[in-house]
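A.B. asks: quick one, what's the 3D model for this:
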Amino acid sequence: MCEIFFFFFNCHNYWISVLLWGWLEQVFGLVTSNKCPVTLSYLSTSYVSGQNLELACRCKPESVTSVVWYFSRDISNRHAMPLSDRRGNLITDTFSLGGKLSSRFKIELFSLLVFDLDRSDSGFYICGTASGDFFFAYEVIVQNGNKIRLSFSAFGDQPLPQIAVRNSTIYTTWSSWTSCDRCGMTAEQTRLGLCTVQMDKRRIKKHFNLNNDGVFSCGSTAVPSYLHDAAVGRPPERLVRPCFVPCQVSRCACVRVPWFPRRQVKKDVRLGSQHRGESRSPPSGGRPERAVAWDRNNKPLLRSQYGLGVNNSFGIAGEKRSYIDNQNDFHIKRVQRWDSGFYRCWVDGTIAAQLLLGVRNRKHKPRLIADVGSPEVRRALAHFGFVCITLIVVYIILMCGRNWFKCPKIK
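C.D. replies: From the prediction side, this is the model:
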């Protein structure tokens, strides 16, 4: 009886494994049945700098158990280079990246992950093998996230209009609205828009996938040159609208919110950044497409007042000293005493981190004349030398002027 039960138990586990493997095949494409095209064609995608990228290897032979991703600047694969980390290791799906490894590339389940996109990451990404066989390819266009155009529906701002050029249309493709970035107070919702071109399929250059109905990013090489010229200077857009949602009462009596660690800053403060080696605090978890908000002393810092490009900031009037950039990081330039306060960071409607910023006047150390290396001493010596030279010149002019500008002869 026990042997029969054990047999059925093993069979049951076997069928569970089969069903689980089939589900993984459909969801993650572990062993895809899609046939690769005879000629390599590129699927065009577009992103904003600062976003995270995920590219799936949509087709490959079932016998291939490991893939390598290649990167090329141009459409010809002559200079395609395999992606590698900063230690020179070839990044494949069988190589596990360590948590301390400073790299923006990673492969999981045959998909390529690129973190914190930069404009220099634009190019062609190809899924293949180490022997040089190519299966599927993408064209990735990274638009400039530092020049996002802000539009506020509450102020009646309108997005950029469509442009018609030779039976083609240049317009903005919008993402869905984010959730309210705060709860229990005045909040905002945002949506990202990317510059897009829709044209006749007959005008599309070869080597590109035609399953996207002739829709490409403005910077795609599939777009003819005359459309490139018409789309020059059209930036990505972010549309902002006000919203309000009540806070949900948590069953837990106490919710632990992480605090930024204590540290000293000299001049500027940047909160929320996890890159760009400058004075900063730990990451807020925000990306350009996420709902991130900042508060100061329980007062919401709205993008309509502190967004990058909006002429307003607390502190000195008329000077943009504090702002929220397009990567959702909060900046304070030339920190002053009145900047002290309690700051909170919201991510997707919940408090993600909090910070108590204290600013105190710096005690001035008296400078000695022996401290020649200090800028104050160098400046004082320069002024003293200028005064001495000026007095000598004035004395010479006065002595020569006594004899009607004829200098006395020196015996």
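A.B. asks: okay, CA-based contacts and neighbour counts for the rest of this
C.D. replies: OK.
A.B. asks: surely Cys57 meets Cys127?
C.D. replies: Yes: if you go by Cα atoms under 8 Å, Cys57 and Cys127 touch, sitting 5.9 Å apart.
A.B. asks: what residues are shared contacts of those two?
C.D. replies: Contact criterion Cα atoms under 8 Å, 6 or more residues apart in numbering; residues shared by Cys57 and Cys127: 135-136.
A.B. asks: those two: who's more crowded?
C.D. replies: Applying other Cα atoms under 10 Å to Cys57 and Cys127 shows that Cys127 carries more neighbours, namely 27 against 24.
A.B. asks: just say helix, strand or coil for the more buried one.
C.D. replies: Of the three states, Cys127 takes strand under DSSP: H, G, I helix; E, B strand; the rest coil.
A.B. asks: so the closest residue in space to it that isn't next to it in sequence is in which element?
C.D. replies: Using Cα to Cα, 6 or more residues apart in numbering and skipping the chain neighbours, the partner closest in space to Cys127 is Trp69 (4.7 Å). Element membership of Trp69, judged by DSSP states H and E, is strand 68-72.
A.B. asks: now do Val387
C.D. replies: helix 375-401.
A.B. asks: avg pLDDT for that helix?
C.D. replies: Across helix 375-401, the average pLDDT comes to 84.
A.B. asks: now do the contacts for Gln143.
C.D. replies: Per Cα under 8 Å, 6+ apart, neighbours of Gln143: 46-49, 119, 194, 219, 235-236.
A.B. asks: and for Pro159?
C.D. replies: Going by Cα under 8 Å, 6+ apart, the list of residues near Pro159 reads 151, 237, 239.
A.B. asks: looking at those, state which has the most neighbours.
C.D. replies: Busiest of the contacts of Pro159 [other Cα under 10 Å] is Glu237, holding 22 neighbours.
A.B. asks: from memory that one sits against Leu194, does it?
C.D. replies: Yes: under the criterion of Cα under 8 Å, Glu237 makes contact with Leu194 at 6.5 Å.
A.B. asks: now, the contacts of Pro159 that are in helices?
C.D. replies: The helices, defined by DSSP state H, take in nothing from these.
A.B. asks: what's the domain layout of this structure?
C.D. replies: With domains defined by automatic domain parsing, the chain comprises 1-26, 42-143, 146-243, 269-357, 364-411.
A.B. asks: how far does the second one stretch from start to finish?
C.D. replies: What it means is domain 42-143. Terminal residues of domain 42-143 are spaced 18 Å apart (Cα to Cα, to the nearest Å).
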